[in-house]
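A.B. asks: Generate a structure from the sequence data that follows.
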Amino acid sequence: MFSQISSGVWPTMITPFTSSGDVDYDGLGRLVEWYIQKKVAGLFAVCQSSEMFFLSLEERVRISRFVREKAGGRVPVIASGHISGGFTDQVHELNKMAETGIDALVLVTNRMALESESDEVWIRNAEKLVQQLPSGLNLGLYECPYPYKRLMSNEVLKWCADTGRFQFVKDTSCDVETIRTRLDVVNDTKLKIFNANSATLLETVKMGVAGYSGVMANFHPELYVWLLQNWKSSPQEAHELSDYLSVGSLIEKQLYPVNAKYYLMLEGLLDNYVCRSKDHRAFGATHRMEIEQFRRLSAKISQRTS
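C.D. replies: Residues are numbered from 1 along each chain as shown. Model prediction:
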């Protein structure tokens with residue numbers, strides 16, 4: 001197990017399915033190899049992009065274990081699968097996920113309190129939950145937008161950082177000033193912030209964000225890897241690439257994750273774009289054409305930066 005979460009690109013992995021709707025582990029294995037070949041820093045399995053709210057606990061556990069074993073220690077693997085509402089169910093599912101040997105277990109921020117409840121309730125529930133998890137297990141936080149987005153206050157973030165248990169935050173605030181403040185809160189702690197938003201990424205990396213963890217790493221992760229590795233030495237090229245990544249990320253609004261699966265089909269990795277969370281039958285000819293054009297543009301830019 002990796003003792004620390006490394007900076008860089010952390011794709012929020014998708015889950016491929018067979019035409020009959022079962023998890024496609026052959027396709028998942030090819031995806032793991034593809035991400036690693038693209039030089040990502042780590043893999044975030046069993047998250048919303050993975051359609052975790054549409055996976056059984058058995059599937060969530062098996063996917064987590066499979067990704068960790070397939071990665072084979074080449075990169076760290078973290079996972080969430082934190083979807084239950086009741087405390088007892090959360091303790092059960094999270095401990096099952098922890099048993100898979102992942103490098104960090106990621107808690108979903110909207111699971112610790114209802115939308116109407118205060119930060120004090122959140123902290124009290126989180127403290128109680130963390131006490132039920134293995135003491136040596138690294139933890140992370142994910143501001144998942146479903147079923148509602150709960151952005152962490154500075155008070156909550158400070159509590160998490162001060163526990164010494166948390167190493168990873170997938171920030172979905174999409175706001176530079178919020179991230180600037182958060183970086184101050186976690187300064188000199190183990191907790192690293194990873195931006196999920198392409199438009200604000202470059203600016204926040206300059207401020208000290210540890211990397212990128214977002215859906216667009218399911219399309220062209222190598223471009224995000226290049227940006228994070230070269231923004232200091234090639235500032236003009238990084239600025240131009242950032243502009244492309246920002247505009248390109250609008251493709252997420254098309255029909256995600258169906259469109260990501262189609263992109264990965266074009267990469268030769270998947271056999272279909274079947275989803276459980278979205279109706280893949282709604283992905284029409286124009287949608288496919290847009291992804292084909294998007295992939296060609298990404299390939300050209302990738303050639304320039306390689």
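
A.B. asks: With adjacent residues omitted, what lies nearest to residue 251?
C.D. replies: Spatial nearest neighbour of residue 251, chain neighbours left out: residue 294 (5.7 Å); criterion: CB to CB, 6 or more residues apart in numbering. Every C-beta, even on glycine, is put in place using the N, C-alpha and C of the backbone.

A.B. asks: Which helix or strand contains that neighbour?
C.D. replies: According to DSSP states H and E, residue 294 maps onto helix 285-305.

A.B. asks: show me what contacts residue 267?
C.D. replies: By CB atoms under 8 Å, 6 or more residues apart in numbering, the contact set of residue 267 is 34, 295.

A.B. asks: counting contacts, what elements does the helix holding residue 294 pack onto?
C.D. replies: Applying 3 or more CB pairs under 8 Å, 6 or more residues apart in numbering; DSSP states H and E, one finds that helix 285-305 makes contact with helix 221-230, helix 235-248, helix 252-255, helix 258-266.

A.B. asks: So which residues of this protein form strands?
C.D. replies: With strands called from DSSP state E, the chain shows them at 8-9, 43-45, 77-79, 104-108, 139-142, 166-171, 192-195, 211-212.

A.B. asks: what comes up buried for the fifth one?
C.D. replies: Burial within strand 139-142, assessed by neighbour count using 16 or more other CB atoms under 10 Å, is assigned to 139, 140, 141, 142.

A.B. asks: Okay, now the unreliable bits of the chain?
C.D. replies: The chain contains residues with pLDDT under 70 at 1-3.

A.B. asks: The same query, at a cut-off of 90, please.
C.D. replies: Applying pLDDT under 90 to the chain flags the ranges 1-4, 304-306.

A.B. asks: ok, what's across the strand from residue 142?
C.D. replies: With DSSP bridges applied, residue 142 shows beta-bridge pairing to residue 108, residue 170.

A.B. asks: I'd like the distance between it and residue 188.
C.D. replies: 23 Å (CB to CB, to the nearest Å).

A.B. asks: Kindly report the same for residue 197.
C.D. replies: For residue 197, the distance to residue 188 (CB to CB) stands at 25 Å.

A.B. asks: In terms of neighbours, single out the busier of these two.
C.D. replies: residue 197 (19 against 6; other CB atoms under 10 Å).

A.B. asks: quick one, what contacts the more buried one?
C.D. replies: Listed by CB under 8 Å, 6+ apart, the contact set of residue 197 reads 171, 172, 173, 174, 214, 249.

A.B. asks: Could you verify my assumption that the fourth one touches residue 199?
C.D. replies: Think residue 174. Yes: judged on CB atoms under 8 Å, residue 174 makes contact with residue 199 at a distance of 7.3 Å.

A.B. asks: so what's in contact with those two at the same time?
C.D. replies: Common neighbours of residue 174 and residue 199, using CB under 8 Å, 6+ apart, do not exist here.

A.B. asks: Go ahead and produce CSV holding the CA coordinates of stretch 241-258.
C.D. replies: Provided in CSV are the C-alpha atoms of stretch 241-258 (Å, rounded to 0.1, in the frame of the first residue of the first chain):
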residue,chain,number,x,y,z
LEU,A,241,-3.5,24.1,-23.7
SER,A,242,-5.5,25.3,-20.7
ASP,A,243,-7.8,27.2,-23.0
TYR,A,244,-8.4,24.1,-25.1
LEU,A,245,-9.0,21.9,-22.0
SER,A,246,-11.4,24.4,-20.6
VAL,A,247,-13.5,24.6,-23.8
GLY,A,248,-13.1,20.9,-24.5
SER,A,249,-14.5,20.1,-21.0
LEU,A,250,-17.9,21.4,-22.2
ILE,A,251,-18.3,18.0,-23.9
GLU,A,252,-19.1,16.7,-20.4
LYS,A,253,-22.5,18.4,-20.8
GLN,A,254,-23.3,16.2,-23.8
LEU,A,255,-24.3,12.8,-22.4
TYR,A,256,-21.6,11.7,-19.9
PRO,A,257,-20.4,9.0,-19.2
VAL,A,258,-21.9,7.5,-22.4
